[in-house]
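Trainee: quick one, structure for this:
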Amino acid sequence: MNRPAAPIRLHRLALSGHCHRVELMLSLLQLPYETVDVDLLKGEQHMPAFKALNAFGQVPVIQDGGVTLADSNAILVYLESRYATGRFLPRDPVGAAQVQRWLSAAAGWLAFGPAAARVIKLFGRSDDPVPAQQRAARLFDAMEVELGRTDWLAGREPTLADIALYSYTVSAPEGGVSLQPYPRIREWLARVEAMPRFLPMPRSPVGLAA
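Mentor: Okay, the predicted model is just below:
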């Protein structure tokens, strides 16, 4: 497996599931990295220095030598393609498409479902969490069906699909979405957590108080 010439820099918010999925990938691949915490509440993501790294003003961002890359799913694909070469992303057309299906779900149903519900609770926003919680339920219903067919979301082995979906699924209760109705999802979470060099998702103050 290739190794970076110097530690990869990960610009992150520690409680962000988008950032955690990248940090989990770095840990699973045993890649050296260092973290740079970005204070979103203070608006550091909108400062010129950070906007030069990501014009959208969002975390995570990685710097790997001469490569600067934003968007958590794009970063997962980059890290896998450069350093894992097929371990977490099948190279056959059907396998690759199955993974992409779940990366799309992570950017859609997951982000606007359990992730959004968690943000509302975590930051005490006035938004109604019910629509996000309902989207979370629809996503988890679909995942529960898929996980009845196979141990992993996109095949018989763990892939980027599992890494991308893990963080905001395990933290869904922090947004008022119970995982108790989903035994297969809970078994899948345990399988992810049993992977060598697994890195836990940090629990928010909401989760710690629950």
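Trainee: please count neighbours and contacts with C-alpha atoms only from this point.
Mentor: OK.
Trainee: element containing Thr150?
Mentor: Using DSSP states H and E, Thr150 sits within no helix or strand.
Trainee: can you count the residues close to it?
Mentor: Neighbour count for Thr150, taken as other CA atoms under 10 Å: 14.
Trainee: all the helices of this protein, residue numbers only.
Mentor: Remark: helices assigned in the chain by DSSP state H are 17-28, 48-51, 72-79, 93-105, 111-112, 114-122, 130-146, 160-170, 183-193, 205-209.
Trainee: out of these, the one nearest Arg87 is which?
Mentor: Nearest to Arg87, of all the helices of the chain, is helix 160-170, at 9.3 Å by CA to CA.
Trainee: and that closest one with helix 93-105, angle?
Mentor: Following axes from the mean of the first three to the mean of the last three CA atoms, to 10 degrees, one obtains 20 degrees for the angle between helix 160-170 and helix 93-105.
Trainee: which other helices and strands contact helix 160-170?
Mentor: Where contact means 3 or more CA pairs under 8 Å, 6 or more residues apart in numbering; DSSP states H and E, helix 160-170 is packed against helix 17-28, helix 72-79, helix 93-105, helix 114-122, helix 183-193.
Trainee: got CSV for the ones you listed, with mean pLDDT, distance to Ala172 and mean neighbour count too?
Mentor: Compiled in CSV, the helices and strands packed on helix 160-170 are given as follows (pLDDT from 0 to 100; distance: least, CA to CA, whole Å; neighbours: other CA atoms under 10 Å):
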stretch, mean pLDDT, distance to Ala172, mean neighbour count
helix 17-28, 98, 10, 23
helix 72-79, 98, 18, 19
helix 93-105, 97, 15, 16
helix 114-122, 94, 5, 22
helix 183-193, 98, 12, 17
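Trainee: which one of the ones you listed lies closest to Gly155?
Mentor: Per CA to CA, nearest to Gly155 of the helices and strands packed on helix 160-170: helix 93-105, 7.6 Å.
Trainee: on that earlier part again, in TSV, list the helices and strands packed on helix 160-170 along with distance to Gly65.
Mentor: Shown next, in TSV, are those (distance: least, CA to CA, whole Å):
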stretch	distance to Gly65
helix 17-28	15
helix 72-79	13
helix 93-105	26
helix 114-122	31
helix 183-193	29
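Trainee: could you point out which of the ones you listed sits nearest Val177?
Mentor: Ranking the helices and strands packed on helix 160-170 by their distance to Val177 (criterion: CA to CA) puts helix 114-122 first, at 7.0 Å.
Trainee: ok, which of the helices and strands packed on helix 160-170 comes nearest Leu10?
Mentor: Closest among the helices and strands packed on helix 160-170, using CA to CA: helix 17-28, at 7.8 Å.
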